[in-house]
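**Student:** The sequence isn't on hand, but the structure is:
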């Protein structure tokens, strides 16, 4: 049986994400100007979804304000949020944000999807409080988060004489937060059982009816909600 690596984590932000009573505006945010692109010699894009497209979003400031109607994008290589004000592009210091949301329109023309990102986690030697995570599920007893990084990787072509080049590749990790701890989560059946080992039989029955190894975020969210609300 594979062991699950467990870390202690700071979870203060989980109680704070719904407490944004103040409405801010774009001038409250500040930021530094985006310099000329540093990625012209790297294949691909450093941005989430691998596209430079701007999306409609919401910013949550560290001092408790919610700023709607922002055009933004997330640089997953630098772990930075960029936003547009008229023709200017600014980068926000992660210390000034507690999270952000954006709506993404899939290329297949289906309904826009909401993506939520939060920071505030702390795992010594692993995760900084300023690191952003996508929230897959946030419930009463636990939460599931995804960290996506764009990694700069050198590629050596198999074709003789072709030059080595650099490209961006995705590096994804998913974490389950429960009882003040963080566990690596790979969407295996055993990962669901470990949510509450003492109730493994009950979870096993639910997983048998709903489990899909290649599930979408929506399917994983639905299964976790069932476990959270009906078993824990």
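**Tutor:** Received, thanks. Since this is a predicted model, take the numbers as computed values, not measurements. Numbering: from 1, shown residues only.

**Student:** Where does the prediction get shaky in the chain?
**Tutor:** Counting by pLDDT under 70, the chain shows low-confidence ranges at 1-30, 36.

**Student:** does the residue nearest the centre of it count as helix, strand or coil?
**Tutor:** For the chain, residue 134 is the residue whose C-alpha lies nearest the centre (CA atoms, centre = their mean; 1.9 Å). Three-state call for residue 134 (DSSP: H, G, I helix; E, B strand; the rest coil): strand.

**Student:** gap between it and residue 159?
**Tutor:** For residue 134, the distance to residue 159 under the criterion CB to CB, to the nearest Å works out to 37 Å. C-beta coordinates here come from the backbone N, C-alpha and C atoms, glycine included.

**Student:** Quick one: residues contacting the closest residue to the residue nearest to the centre of the chain other than its chain neighbours.
**Tutor:** The shortest distance from residue 134 to any residue that is not its chain neighbour, by CB to CB, 6 or more residues apart in numbering, is 4.4 Å, and that residue is residue 146. By CB atoms under 8 Å, 6 or more residues apart in numbering, the contact set of residue 146 is 133, 134, 136, 172, 173, 174, 175.

**Student:** What's the local residue count around the last one?
**Tutor:** Burial measure for residue 175: 23 neighbouring residues, criterion other CB atoms under 10 Å.

**Student:** May I ask which helix or strand encompasses it?
**Tutor:** Using DSSP states H and E, the secondary-structure element containing residue 175 is strand 165-178.

**Student:** Show residues contacting that strand.
**Tutor:** Contact with strand 165-178 is made by 9, 11, 14, 39, 41-46, 50, 76-77, 121, 133, 136, 141-155, 157, 182-187, 191, 195, as judged by CB under 8 Å, 6+ apart.

**Student:** can you pull the buried residues of that strand?
**Tutor:** Using 16 or more other CB atoms under 10 Å as the burial criterion, the residues of strand 165-178 that qualify are 168, 174, 175, 176, 177, 178.

**Student:** What's opposite the first one in the beta bridge?
**Tutor:** It stands for residue 168. Beta-bridge pairing of residue 168 under DSSP bridges involves residue 152.

**Student:** Just want the angle from the helix of greatest length in the chain to strand 165-178.
**Tutor:** Taking DSSP state H as the criterion, the chain has its longest helix at helix 217-230. In this structure, helix 217-230 runs at an angle of 10 degrees to strand 165-178, with axes from the mean of the first three to the mean of the last three CA atoms, to 10 degrees as the basis.
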